[in-house]
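Peer 1: after the sequence you'll find the predicted model.
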Amino acid sequence: MSRGCRWGATAALMVGICAAVWAADVPILKVTDAGVGPLGAQTEATASSLKRALPGFTIRQTTVASEDRVVPLLSVTRGRQVAMEVLPGDRPGSKKSYIGRIVVRMPEIMRRSGFSPGRRFADFYPDSQKAVCKPGLEQNAGKFFCLAPGMQHVGLEFPSAPGAADGTIWPQAGLTAVIWTPEAFDRYHWTPID
């Protein structure tokens, strides 16, 4: 074996070992009615809380602006890919901020949860009359959100039909995100940030 081949094989082996070690440090996340992986209704919406719960991910505090206010947002990434966005929710009588909504965008997490990115609305809801859906507002105009089949706290995000009125259900729309809320999704009090 030539010297170059030995170094190449050694480098490939080291990359494989490092990737396996790195993957072992990253929690396997799945969206359920209880939350997203270790994140749920009792998780504080702080960067330090998310860092403890999600080793291997980077947590960045940022904000999202709507027409009349600015809302804090925690962006969860792995490498350059946005895994999810966590928004705080209000709890009457509590001084702490708990998770109010998690928007999952990472295809790997979506697939593991049974919600393949790009899967058509019609595949989830063969009878669209039985779908419980709401139109998106403001920065979410042009989207619609539906309660995931068989779930209570999980919703699915789809784009509206091209050229149609905002929130118009489009059977060919492909899934773009999975959303978890601590309260039942069909009763969720949508704010303009939704």
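Peer 2: Here it is on my side, so go on.

Peer 1: now do the contacts for the most centrally placed residue in the chain.
Peer 2: With distances taken as C-alpha atoms, centre = their mean, the residue of the chain nearest its centroid is Val104 (0.8 Å). With contact taken as C-beta atoms under 8 Å, 6 or more residues apart in numbering, Val104 is in contact with Val31, Val36, Ala83, Met84, Met110, Ser113, Ala177, Val178, Ile179, Trp180. Every C-beta, even on glycine, is put in place using the N, C-alpha and C of the backbone.

Peer 1: so what sits opposite Val178 in the bridge?
Peer 2: Val104, Leu156 (DSSP bridges).

Peer 1: what sits against it?
Peer 2: Counting by C-beta under 8 Å, 6+ apart, Val178 has contacts Val31, Val103, Val104, Ile109, Met110, Ser113, Phe115, Ala148, Val154, Gly155, Leu156, Glu157.

Peer 1: any chance of CSV for these, columns pLDDT?
Peer 2: Output for these, formatted as CSV (pLDDT from 0 to 100):
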residue, pLDDT
Val31, 97
Val103, 96
Val104, 97
Ile109, 95
Met110, 95
Ser113, 94
Phe115, 95
Ala148, 94
Val154, 96
Gly155, 95
Leu156, 95
Glu157, 94
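
Peer 1: biggest separation within these, which pair?
Peer 2: The distance between the two most remote of the contacts of Val178 (C-beta to C-beta) is 14.9 Å, for Ile109 and Gly155.

Peer 1: now the closest residue to Ala122 other than its chain neighbours: how far from Gly114?
Peer 2: Distance criterion C-beta to C-beta, 6 or more residues apart in numbering; nearest residue to Ala122, sequence neighbours excluded, is Pro171 at 4.0 Å. Using C-beta to C-beta, to the nearest Å, one gets 20 Å for the distance from Pro171 to Gly114.

Peer 1: ditto for Gln61
Peer 2: From Gln61 to Gly114 the distance is 30 Å (C-beta to C-beta).

Peer 1: so for Gly100, what's the nearest residue that isn't a sequence neighbour?
Peer 2: Gly89 is the one closest to Gly100 (C-beta to C-beta, 6+ apart), at 2.1 Å.

Peer 1: show me where this protein has its helices.
Peer 2: Assigned by DSSP state H, the chain shows helices spanning 3-25, 47-53, 107-112, 121-124.
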